[in-house]
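Peer 1: Generate coordinates for the sequence data below:
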Amino acid sequence: MKQKMFVLGAGSSKDIYGDFYSGAELFHMVVHYFFPQRKSNGIGYVSDMMNQISSNAVANISDDELLLIREKLWERDAHDYVQVIRKSSHATYSIDKFIKEDLGKLRDDLRKRATIWIKASITHLIKGMEYAYFESEKKFSQYQNSWIYGLIKHAEGIGFENFCRRFCFVIFNYDRLFEWCFMKYYQGSDFDMTALRGIVHHPYGSLGALVDVPFDKNNNERGILQKALGSMTTMYERSDSIDIDLFNEFAERFDLSHIFFMGFGYDKFNLRFFDKILKNPDILKSGTGRNLSDELKVLLNGKSIETVDMYCRMFYDGYIKKELHYY
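Peer 2: Next up, the predicted model:
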């Protein structure tokens, strides 16, 4: 039996709940999380919880070093914004690239502490957004207007066990919105969370398993954030071979007929995971996003991916459903 793979980026979560952050928005928020100055009673953050969760990351960093890190964040954020305004670049600068390229120029101990601090900020932001979504979705209003609702209804129509035999998902987001939507919809039934986890792969980890880091907990609980922080990595933190080996081990379990990229930024570093898949001419590849640059098309083996500049919901309703019609 052939399977279809969905590759989900930040835009796929944002299309479900508009307040979730795109990659560029997450970078911008981290910039503003980075405290402007020291306070007389210690280091100042956006909240006492952020102060506690991040205290180890910035221990023994001088004022000049704090200023240096903050200036690097601001410079990169401003540069990216200007490039987009000038329409000279469609790509946005990710926080992962900042850690690799900008912080990579710093001495090792300072880079490591700055990286931990930034990851703590990301954790705080995304966990808070999960809780905000949980609070807003008690009536399922936005949820039912999203692409994932259509996918879940499809799973219901063909049976969840059958669904798990026909689909797999590669999720580049740290949030667990995808898993929570399925769990919420099937609550009170014989929903098999283990089966869902078996067809989902987060290449850089996530905030953790829902049983360990509950979706409906806010980001003001120290223990929750510590667990979440320990479950995620940035794209450059681990060796390429470990990440790619784990991905290939996951992907090789499936005999793919299609691969759909949804809300995905086509970052070259992320696309390295799909080297084997993209070279397979028998797999139909399509996705949301702007037309790819010539440089990227070379990386993707010519016209390997057909991209459609539309929202995930439009892409699902107008394109993917046609590919599911025989199920």
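Peer 1: For the lengthiest helix in the chain, name the packing helices and strands.
Peer 2: In the chain, with assignment by DSSP state H, the single longest helix is helix 108-136. The contact analysis (3 or more C-beta pairs under 8 Å, 6 or more residues apart in numbering; DSSP states H and E) places helix 108-136 against helix 23-33, helix 48-54, helix 63-85, helix 177-185, helix 222-229. Where you see a C-beta, it was placed from the backbone N, CA and C, and this is true even at glycine.
Peer 1: Taking their axis directions, it and helix 23-33 sit at what angle?
Peer 2: 110 degrees (axes from the mean of the first three to the mean of the last three C-alpha atoms, to 10 degrees).
Peer 1: Give the buried residues for helix 108-136.
Peer 2: Across helix 108-136, burial judged by 16 or more other C-beta atoms under 10 Å covers 110-111, 113-127, 129-131, 133-134.
Peer 1: what's downstream of that helix, the next helix or strand?
Peer 2: helix 147-158 (DSSP states H and E).
Peer 1: List of residues touching that next one?
Peer 2: Here helix 147-158 makes contact (C-beta atoms under 8 Å, 6 or more residues apart in numbering) with 12, 15-16, 143, 163, 166, 178, 181-182, 185, 262, 312-313, 315-317, 321, 324, 327.
Peer 1: Emit the ChimeraX select command for whichever of those residues are buried.
Peer 2: Per 16+ other C-beta under 10 Å, the buried members of the contacts of helix 147-158 correspond to this ChimeraX selection:
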select :12,15,16,143,163,166,178,181,182,185,262,312,313,315,316,324
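Peer 1: thinking again about what came up before, would you mind getting the angle between the longest helix of the chain and helix 177-185?
Peer 2: Using the same axes, to 10 degrees: helix 108-136 against helix 177-185 is 30 degrees.
Peer 1: gap between helix 108-136 and the chain center?
Peer 2: In terms of C-alpha atoms, centre = their mean, to the nearest Å, the centre of helix 108-136 is set 12 Å apart from its chain centre.
Peer 1: Flag the shaky bits of the protein, pLDDT-wise.
Peer 2: Across the chain, the ranges flagged by pLDDT under 70 are 33-61, 63, 66, 81-93, 138-143, 222, 235-241, 290-304, 325-327.
Peer 1: please redo it, this time with the cut-off set to 50
Peer 2: 36-38, 40-46, 327 (pLDDT under 50).
Peer 1: in it, which residue is closest to the centre?
Peer 2: Asn173 (1.6 Å; C-alpha atoms, centre = their mean).
Peer 1: Relative to Glu323, how far out is the nearest residue to Tyr204 once chain neighbours are set aside?
Peer 2: Distances taken as C-beta to C-beta, 6 or more residues apart in numbering put Thr233 closest to Tyr204, at 5.1 Å, once the chain neighbours are dropped. Between Thr233 and Glu323 the computed distance is 33 Å (C-beta to C-beta, to the nearest Å).
Peer 1: higher neighbour count, the two?
Peer 2: Shown here are Thr233 and Glu323; by other C-beta atoms under 10 Å, Thr233 has more neighbours (17 against 14).
Peer 1: My read is that that one contacts His202, right?
Peer 2: No. Taking contacts as C-beta atoms under 8 Å, Thr233 lies outside contact range of His202: 9.9 Å.
Peer 1: circling back: and the angle for the longest helix of the chain with helix 222-229?
Peer 2: 110 degrees.
Peer 1: before we move on, the earlier item: mind checking which of the contacts of helix 147-158 land in strands?
Peer 2: Under the assignment DSSP state E, those contribute Met262 to strands.
Peer 1: thinking again about what came up before, make JSON lines out of the helices and strands packed on helix 108-136 and add distance to Gly157.
Peer 2: Converted to JSON lines, those look like this (distance: least, C-beta to C-beta, whole Å):
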{"stretch": "helix 23-33", "distance to Gly157": "33"}
{"stretch": "helix 48-54", "distance to Gly157": "43"}
{"stretch": "helix 63-85", "distance to Gly157": "41"}
{"stretch": "helix 177-185", "distance to Gly157": "13"}
{"stretch": "helix 222-229", "distance to Gly157": "34"}
